[in-house]
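Asker: Below are the sequence and a predicted model; questions follow.
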Amino acid sequence: MTLNKKYSLVLLLLILAFHGCKPVREVVTPTPIPVDPAISRTLQSLKSGEASFDYFSTRFSGNANIDNSNYSVSGSIRIKKDSAIYISVSPILGIELARLLVTPDSVKFLNRLEGTYFEGGMDFLNTMFNTNLDFYMLQSILVGNDFDHFNTDGFSLESDRDRILLQHESRRPANQIHGMSFQQNLWLDRETYRIRESLLFDPLSSQSLRVSYRRHEIFGGQRIPQEMTLVFAEPGARAELSVRYNRITINQPQSMEFSVPQGYRSLNN
């Protein structure tokens with residue numbers, strides 16, 4: 001794989017690695033289980049401690065390990081809540097190599113080194129990576145929140161050293177009987193109830209994604225993780241992306257402009 005393709009893959013890892021778990025089909029509707037008061041209190045504390053914003057932006061720098069090769073990366077992330085996510089990737093101190101604009105129902109991708117672009121629906125990426133991509137899951141993972149649109153019934157609660165462990169055997173979007181489903185572990189900080197680690201696992205494909213957060217700090221009244229590591233694994237393959245956030249701003253309107261330079265070749269064809 002060429003260097004420019006590697007950096008393009010780093011960009012796509014930010015939105016795809018966390019959802020590498022393929023959907024499990026034909027999910028059976030579970031029998032409702034009475035909610036344990038301790039679990040209910042834990043979920044409420046998790047929700048109340050989440051980052052809440054209209055706009056979020058940050059610079060990032062870090063390292064990607066793909067096919068046992070390491071690459072330094074940097075870039076920027078901008079989020080307009082529930083509307084758009086803009087990601088730009090470049091080498092450290094280098095010019096932009098690729099950018100991505102994701103909305104709940106569309107994708108725009110620009111590869112500057114290869115002079116190519118794509119504009120279309122989510123099915124483009126889903127077909128390319130054999131997965132289902134969910135805008136709202138990406139939005140939550142980038143700021144260390146839980147998946148608000150997923151069911152919360154069925155969690156079990158345990159103590160794991162200095163953390164609280166929530167476990168779910170078949171988590172899926174609320175009010176959805178068939179489709180996406182995965183096992184999930186959530187490790188929470190005992191004091192803040194912010195997510196310190198999340199593990200998604202698909203037992204059918206043996207694909208997993210582990211997301212770790214470190215050094216939460218307060219910006220604009222919101223507790224935001226300063227470091228994030230994504231580890232995507234499946235039989236015979238592993239990719240890791242570790243980034244550090246800096247220059248974080250909350251609720252300052254951000255530009256989401258996405259234009260294609262003249263002469264770029266479309267990947268839609």
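Answerer: Perfect, thanks for sending it. Numbering: from 1, shown residues only.
Asker: Quick check: closest non-adjacent residue to Ser206.
Answerer: Leaving aside its chain neighbours, Ser206 sits nearest to Pro235 (5.5 Å; criterion: C-beta to C-beta, 6 or more residues apart in numbering). For the C-beta atoms, the positions are set from N, CA and C on the backbone; glycine is no exception.
Asker: Let me see the ranges of the strands in the stretch 101-250 of the chain.
Answerer: Secondary structure of the stretch 101-250 of the chain (DSSP state E, counting those that start in this stretch): strands located at 106-111, 116-120, 156-160, 163-171, 182-189, 195-202, 207-219, 222-234, 237-250.
Asker: would CSV of the ones you listed with mean neighbour count and mean pLDDT be doable?
Answerer: Formatted as CSV, the strands of the stretch 101-250 of the chain follow (neighbours: other C-beta atoms under 10 Å; pLDDT from 0 to 100):
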stretch, mean neighbour count, mean pLDDT
strand 106-111, 20, 88
strand 116-120, 17, 88
strand 156-160, 12, 90
strand 163-171, 17, 93
strand 182-189, 20, 94
strand 195-202, 20, 93
strand 207-219, 17, 92
strand 222-234, 19, 92
strand 237-250, 17, 91
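Asker: Of these, which is nearest Phe150?
Answerer: For the strands of the stretch 101-250 of the chain, the distance to Phe150 is smallest for strand 163-171, at 5.6 Å, taking C-beta to C-beta.
Asker: Next, the angle from that closest one to strand 156-160.
Answerer: Inter-element angle recorded for strand 163-171 and strand 156-160: 150 degrees (by axes from the mean of the first three to the mean of the last three C-alpha atoms, to 10 degrees).
Asker: contact partners of strand 163-171?
Answerer: 24, 27, 30, 39, 42-43, 46, 147, 150-151, 154-159, 181-190, 193, 196-197 (C-beta atoms under 8 Å, 6 or more residues apart in numbering).
Asker: swap the cut-off to 7 Å and go again
Answerer: 27, 42, 150-151, 154-159, 181-190, 196 (C-beta atoms under 7 Å, 6 or more residues apart in numbering).
Asker: ok so, going back, out of the strands of the stretch 101-250 of the chain, which gets nearest to Asn65?
Answerer: strand 237-250 (4.5 Å).
Asker: hang on, Met256 packs against Ile85?
Answerer: No: applying C-beta atoms under 7 Å, one finds Met256 not in contact with Ile85, separated by 8.7 Å.
Asker: neighbour-wise, which of these two wins?
Answerer: Ile85 (22 against 16; other C-beta atoms under 10 Å).
Asker: Skipping adjacent residues, who's closest to the more buried one in space?
Answerer: Val102 (4.6 Å).
Asker: Give the bridge partners for the one you found, please.
Answerer: Ile85, Val107 (DSSP bridges).
Asker: Helix, strand, or coil at Gln262?
Answerer: The assignment at Gln262 comes out as coil when based on DSSP: H, G, I helix; E, B strand; the rest coil.
Asker: go on, Ser255?
Answerer: coil.
Asker: nearest residue to it other than its sequence neighbours?
Answerer: Residue nearest to Ser255 in three dimensions, not counting chain neighbours: Arg78, with 7.6 Å by C-beta to C-beta, 6+ apart.
Asker: Just give me the neighbour total for that neighbour.
Answerer: Arg78: 20 surrounding residues under other C-beta under 10 Å.
Asker: Roughly how far does it sit from Met228?
Answerer: Distance of Arg78 to Met228, computed by C-beta to C-beta, to the nearest Å: 16 Å.
Asker: hang on, the earlier thing: backbone dihedrals for the residue nearest to Ser206, please?
Answerer: phi -50, psi 120 (degrees, to the nearest 10).
Asker: pretty sure it is touching Ser205, no?
Answerer: No: judged on C-beta under 7 Å, Pro235 makes no contact with Ser205 at a distance of 8.2 Å.
Asker: So for these two, which residue has more residues nearby?
Answerer: When neighbours are counted by other C-beta under 10 Å, Pro235 and Ser205 differ, and Ser205 comes out ahead with 17 against 8.
Asker: in stretch 256-267, what's buried?
Answerer: Met256 (16 or more other C-beta atoms under 10 Å).
Asker: What mean pLDDT does that stretch get?
Answerer: Taken as a whole, stretch 256-267 has a mean pLDDT of 91.
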